[in-house]
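J.: This is a predicted model, with the sequence first.
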Amino acid sequence: KAGVTQTPRYLIKTRGQQVTLSCSPISGHRSVSWYQQTPGQGLQFLFEYFSETQRNKGNFPGRFSGRQFSNSRSEMNVSTLELGDSALYLCASSPAQGYEQYFGPGTRLTVT
Amino acid sequence: GQNIDQPTEMTATEGAIVQINCTYQTSGFNGLFWYQQHAGEAPTFLSYNVLDGLEEKGRFSSFLSRSKGYSYLLLKELQMKDSASYLCAVVAGIDYKLSFGAGTTVTVRA
């Protein structure tokens, strides 16, 4: 089975722009979660989608949003980028909630 | 939310044993995961504990005490490739929300 894939792998944006990141889960997995990882804050939960519905949400501002499509692929969007949004964004999929999560390689976002 | 604590750093010698502790405070506890993350890579699953006791998987073992809000990951016969960050993560609530600790960076020295 192919693993979790994320595109793009690297991205450089300027403040004020918006960005969309994509995640394709492992075939058959219906749960997709997004995380932000920075050296100072560790792995912070953004949101989780299951069967196209947002099931959980972390403590991030409304500039961070996401969605899941009928094929379980997911996208997250960050609008009005700030310097502090520079981070590694990880996507993880699992067959259902509460199961082991499989992580993608991440998208390294740099905001200048 | 969950309060998850684990040491920031640990150093050990090749061939030795290291125990990484994780304490948590949460309501509606469902289970606890341990993940390994090498620098520049994504986290990979190591273990999942739901019930009290020790789960052994080769050189790695994980222990859980639900009543004490405590878990540990035991790494035996340390190898250089075990140098990585080890993340403790708690699943809680009816919505199975997963929360990660800040991670413990383990450095294995020759």
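T.: That came through, no problem. Not measured: the values here are computed from a predicted model.
J.: Just checking the distance from stretch A:67-83 to the centre of its chain.
T.: Mean-position distance between stretch A:67-83 and its chain equals 7 Å (C-alpha atoms, centre = their mean, to the nearest Å).
J.: Okay, now the unreliable bits of chain B?
T.: Residues of chain B that meet the criterion pLDDT under 70 lie in B:1-2.
J.: Break down the chain into its strands, ranges please.
T.: Here I'm looking at chain A. Here chain A has its strands, by DSSP state E, at A:5-7, A:10-13, A:19-24, A:31-38, A:42-50, A:53-57, A:64-68, A:74-78, A:87-94, A:102-103, A:107-111.
J.: Correction: the question concerned chain B.
T.: Secondary structure of chain B, counting by DSSP E: strands at B:3-5, B:9-13, B:18-25, B:29-37, B:44-49, B:53-57, B:60-65, B:70-75, B:84-92, B:97-100, B:104-109.
J.: got these as CSV, with mean neighbour count and distance to A:R55 columns?
T.: Heads up, the C-betas are built off the backbone N, CA and C, glycines and all. Putting the strands of chain B into CSV (neighbours: other C-beta atoms under 10 Å in any protein chain shown; distance: least, C-beta to C-beta, whole Å) gives the following:
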stretch, mean neighbour count, distance to A:R55
strand B:3-5, 16, 20
strand B:9-13, 13, 34
strand B:18-25, 18, 21
strand B:29-37, 21, 14
strand B:44-49, 17, 19
strand B:53-57, 12, 27
strand B:60-65, 19, 25
strand B:70-75, 20, 25
strand B:84-92, 23, 13
strand B:97-100, 22, 9
strand B:104-109, 17, 29
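J.: Stretch B:99-107 vs chain A: in contact?
T.: Yes. Under the criterion of C-beta under 8 Å from any C-beta of the partner chain, chain A is reached by stretch B:99-107 at B:S99, B:F100, B:G101, B:A102, B:G103.
J.: Other residues contacting that stretch?
T.: Stretch B:99-107 has contacts (C-beta atoms under 8 Å, 6 or more residues apart in numbering or on different chains) with A:35, A:41-45, B:1-2, B:4-12, B:18, B:20, B:22, B:24, B:26, B:35, B:37, B:75, B:82-90, B:92.
J.: hmm, back to that, can you tell me which of the residues of stretch B:99-107 next to chain A is nearest A:S93?
T.: B:F100 (16.3 Å; C-beta to C-beta).
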